[in-house]
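In: below are the sequence and a predicted model for it; my questions follow.
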Amino acid sequence: MAGGGFSKLPNGTVVVALTLPSPAAEGDTVRVLVHAANRARALTRLRNLGLRAVYLRGNAEPPTPDEITAVLHHPDGLLWRTTPECLEQLWQPIRALLRPAARAGY
């Protein structure tokens, strides 16, 4: 994992941001945002989607205010986009990232 971090919100929930290798393209990375009750639940949400080797060690790259706003306004609370961030690319639901692997039979 290239980096990640978290921010605790005033209501007690957390937003976790992780930079992970892309499951869709070799050598690419993606920035994943998860909104959950706590850090452990955020990581569990990702593991339940098939991203088994996801860990958060430290707080080197916490989510930016823009990232927090994006994930809080999404109904699923789980978003991604490629890194380095392209200003033209919007945040996408996690289903869009995992869809190619599902079609390939993984």
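Out: Here it is on my side, so go on.

In: alpha carbons only for contacts and neighbour counts from here, please
Out: Noted.

In: what bridges to the residue most central in space within the chain?
Out: By CA atoms, centre = their mean, the chain has its centre lying nearest to Val32, at 1.7 Å. Assessed by DSSP bridges, Val32 has beta-bridge partners Leu18, Trp80.

In: state the distance from it to Arg39.
Out: Distance, Val32 to Arg39, by CA to CA, to the nearest Å: 14 Å.

In: enumerate every residue touching Arg39.
Out: 6, 14-16 (CA atoms under 8 Å, 6 or more residues apart in numbering).

In: for it, phi and psi?
Out: When read as degrees, to the nearest 10, the backbone of Arg39 gives phi -60, psi -40.

In: and it, how far is that from Gly58?
Out: Counting by CA to CA - Arg39 and Gly58 are separated by 12 Å.

In: was I right about Ala37 contacting Asn11?
Out: No: counting by CA atoms under 8 Å, Ala37 does not reach Asn11; the two are 9.5 Å apart.

In: looking at those two, which one has more neighbours?
Out: Between Ala37 and Asn11, Ala37 has the larger neighbour count (other CA atoms under 10 Å), namely 14 against 7.

In: separation between that one and Pro23?
Out: 26 Å.

In: now Glu67. Nearest residue, chain neighbours left out?
Out: Leu33 (7.4 Å; CA to CA, 6 or more residues apart in numbering).

In: so what's that neighbour up against?
Out: In this structure, Leu33 makes contact with 15-18, 63, 67, 71, 77-80, judged by CA under 8 Å, 6+ apart.

In: mind listing the strands for the protein?
Out: Ranges of strands in the chain, per DSSP state E, are 3-8, 14-21, 29-36, 78-83, 92-93.

In: relative to Leu51, which of the ones you listed is closest?
Out: Each of those has some distance to Leu51 by CA to CA; the shortest is strand 14-21, at 9.5 Å.
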